[in-house]
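>>> What would the 3D arrangement of this be:
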Amino acid sequence: MPEAPKLSDYPRHASDKLRYADTDRQGHVNNALFATFFETGRVELLYDSAGPLHDVDGAFVIARLTIELAAEIRWPGSVDIGTRVATVGRSSIKLEQALFQDGRHVASAESVIVHVGSRDGRSRPLPPHARAALATCQAGSAR
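Just a heads-up that it's a prediction; the model follows:
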């Protein structure tokens with residue numbers, strides 16, 4: 001069995017607060033929220049306050065998202081989100097992410113994000129500044 005990931009395996013970190021409303025009848029956080037937590041990590045990377053990675057007339061769309069649940073998340077508390085870039089294509093980015101509660105791995109995700117034109121929705125090459133920023137978020141890079 002492979003070793004569980006650690007937050008330190010991911011160059012980008014984000015967090016989300018858990019809310020009582022996030023829980024289901026069994027008292028754990030509803031699994032639908034896991035996708036929302038992963039979105040927080042993706043958005044903080046792609047739309048970083050230092051400057052978004054898309055072109056002025058570009059945007060990012062998610063083309064694929066797979067989530068593997070490993071454990072329950074319980075309220076109250078927060079979750080930590082680790083994000084790293086697995087690969088960068090001509091117009092797409094493959095991200096690997098993991099969720100942690102109190103240092104315990106609870107889920108992993110893999111997503112493919114595509115850079116598109118805002119007006120026509122067609123894929124377009126990633127801009128050079130995006131490629132440079134993404135290189136700093138690849139597995140093994142410093143935070």
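>>> So, low pLDDT: which residues of this protein?
1, 140-143 (pLDDT under 70).
>>> Show me where this structure has its helices.
Counting by DSSP state H, the chain has helices at residues 32-46, 128-135.
>>> out of the ones you listed, deepest packed?
Among these, the stretch with the highest mean neighbour count (mean count of other CB atoms under 10 Å) is helix 32-46, at a mean of 19. (C-beta placed from N, C-alpha, C; glycine too.)
>>> quick one on the thing from earlier: out of the helices of the chain, which is closest to F100?
helix 32-46 (10.2 Å; CB to CB).
>>> Counting by contacts, list what that closest one packs against.
Helices and strands touching helix 32-46, by 3 or more CB pairs under 8 Å, 6 or more residues apart in numbering; DSSP states H and E, are strand 12-17, strand 58-69, strand 78-88, strand 92-101, strand 104-117.
>>> Please spell out which residues along the shortest one are buried.
Neighbour-count burial for strand 12-17 flags 12, 14, 16 (criterion: 16 or more other CB atoms under 10 Å).
>>> Just put these in a markdown table and tack on distance to S118.
Formatted as a markdown table, the buried residues of strand 12-17 follow (distance: CB to CB, whole Å):
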| residue | distance to S118 |
| --- | --- |
| R12 | 25 |
| A14 | 25 |
| D16 | 27 |
